[in-house]
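Engineer: Got a sequence here, can you model it:
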Amino acid sequence: MAWLLSALLMFVALAAPAHAQDNTQSEEEIVVTLPGPEMWRVHDSDSELFLLAVVRPLPRRVQWNTRPFEARLRGADRFYLEAVQGADAGQLLRLMTTRRNALWNPDGAKLQDFLEPALYARVERAAAAADMRVRELERLRPLHAGSRLIRETAKQAGLSFDVDVANEARRKARRARVRVEEVAFIRVGALVNAMNALPLGADAPCLALQLDVVERLIPAMQRRAEAWAAGDAAALRAAAGMVDEAACVAALAEGGLTIEELMRRRLNGWRAIVDRALATPGRRVAAIDAELLLRPGGLLASLHAAGIAVEEP
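Structural biologist: Got it, this is the predicted structure:
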């Protein structure tokens, strides 16, 4: 899934109380442990940085074998992972309460009131297929309605956005007494304020993109999740950039939400982390969004272009 969608899905998962994590597991479910993700090694003569690619959603009933990751932590002096500044539940609740237009359509408008009939019909079909009532979505902004549909459709396919690999990696690092450094390139408050100011329907092209995911790309998301769990780096790379998000990004930019700038900030921030990690001798480890790492123009492409040594899994 493209970075834009995955990042905003993460934001919606944190912001919407209706989507509290569900970690329950029925007795009939069988948990399967697979090899888990491979890691990329970035290095120079006396320093190295191992990159763990993080994917969402992942199969609910699959655990990843953390032993190879724990082996990389041995001897490391730093573990980096990305956080979203201001993303704790209390801050999000306050923001979403005071800036309701970031989540809900202004003035109580319903999707049916302003979406093109063909697009609204797709929403109705997707909601029915996901065993949802369309009225659950009516007052949500198109972007958030689409996120709800993706979550529910993925859930039916056995996938969950609540499987938090980065958090598990953080726990492993702390247990290994490796210093954890959380880096934040996005401030939730600024993002919420920008979404709050979007004109009604400005994000409708994003809903169309999200419906493409619901209608056509859930199997591709399953294959990507399986590739991650099986340690198939080639298949994981092939899945990067599954959707063309240009129309959505352009529509949000016209409404004042510059997603491209957020993407550049993340990429530049991670590039600075790599440079810092290689500046002094030693081993470091990081957990990074697979889409940001692997997509065309992403972090790996930037490192290769700069002539930095990268060992592929």
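
Engineer: Show me the contact partners of the helix or strand where residue 285 lies.
Structural biologist: Using DSSP states H and E, residue 285 falls within strand 282-289. Residues outside strand 282-289 that contact it (C-beta atoms under 8 Å, 6 or more residues apart in numbering): 3, 6-7, 46-54, 69, 72-73, 75-82, 165-166, 169-170, 173, 178, 270, 273, 277, 299. Yep, even glycine has a C-beta here, placed from its N, CA and C like the rest.

Engineer: Let's see which of the residues you listed end up in helices.
Structural biologist: 3, 6-7, 69, 72-73, 165-166, 169-170, 173, 270, 273, 277, 299 (DSSP state H).

Engineer: Could I get the phi/psi values of the residue of the chain positioned farthest from its centre?
Structural biologist: The C-alpha centroid of the chain is most remote from residue 45, which lies 32.9 Å away (C-alpha atoms, centre = their mean). Per-residue torsions, residue 45: phi -70, psi -30 (degrees, to the nearest 10).

Engineer: in the stretch 151-300 of the chain, which ranges drop under the pLDDT threshold?
Structural biologist: Judged by pLDDT under 70, the stretch 151-300 of the chain has its weakly predicted residues at 188, 190, 241-244, 255-257.

Engineer: likewise the stretch 1-150 of the chain?
Structural biologist: Those would be 1-35, 84-101, if you go by pLDDT under 70 across the stretch 1-150 of the chain.

Engineer: what about 50?
Structural biologist: 1-2, 9-31, 85-93, 95 (pLDDT under 50).

Engineer: For it, just list every one of the strands.
Structural biologist: With DSSP state E, counting those that start in this stretch as the criterion, the stretch 1-150 of the chain has strands at 32-34, 39-43, 47-54, 58-59, 62-64, 76-85.

Engineer: Which neighbouring elements make contact with the longest one?
Structural biologist: Counting contacts by 3 or more C-beta pairs under 8 Å, 6 or more residues apart in numbering; DSSP states H and E, strand 76-85 is packed against helix 3-15, helix 165-175, strand 180-187, helix 188-196, helix 259-279, strand 282-289.

Engineer: a markdown table for the ones you listed, including mean neighbour count and distance to residue 207?
Structural biologist: Below are these laid out as a markdown table (neighbours: other C-beta atoms under 10 Å; distance: least, C-beta to C-beta, whole Å):
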| stretch | mean neighbour count | distance to residue 207 |
| --- | --- | --- |
| helix 3-15 | 21 | 11 |
| helix 165-175 | 17 | 27 |
| strand 180-187 | 15 | 22 |
| helix 188-196 | 19 | 14 |
| helix 259-279 | 17 | 15 |
| strand 282-289 | 23 | 23 |
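
Engineer: wait, which of the ones you listed is closest to residue 40?
Structural biologist: Of all those, it is strand 282-289 that lies closest to residue 40, at 9.1 Å by C-beta to C-beta.
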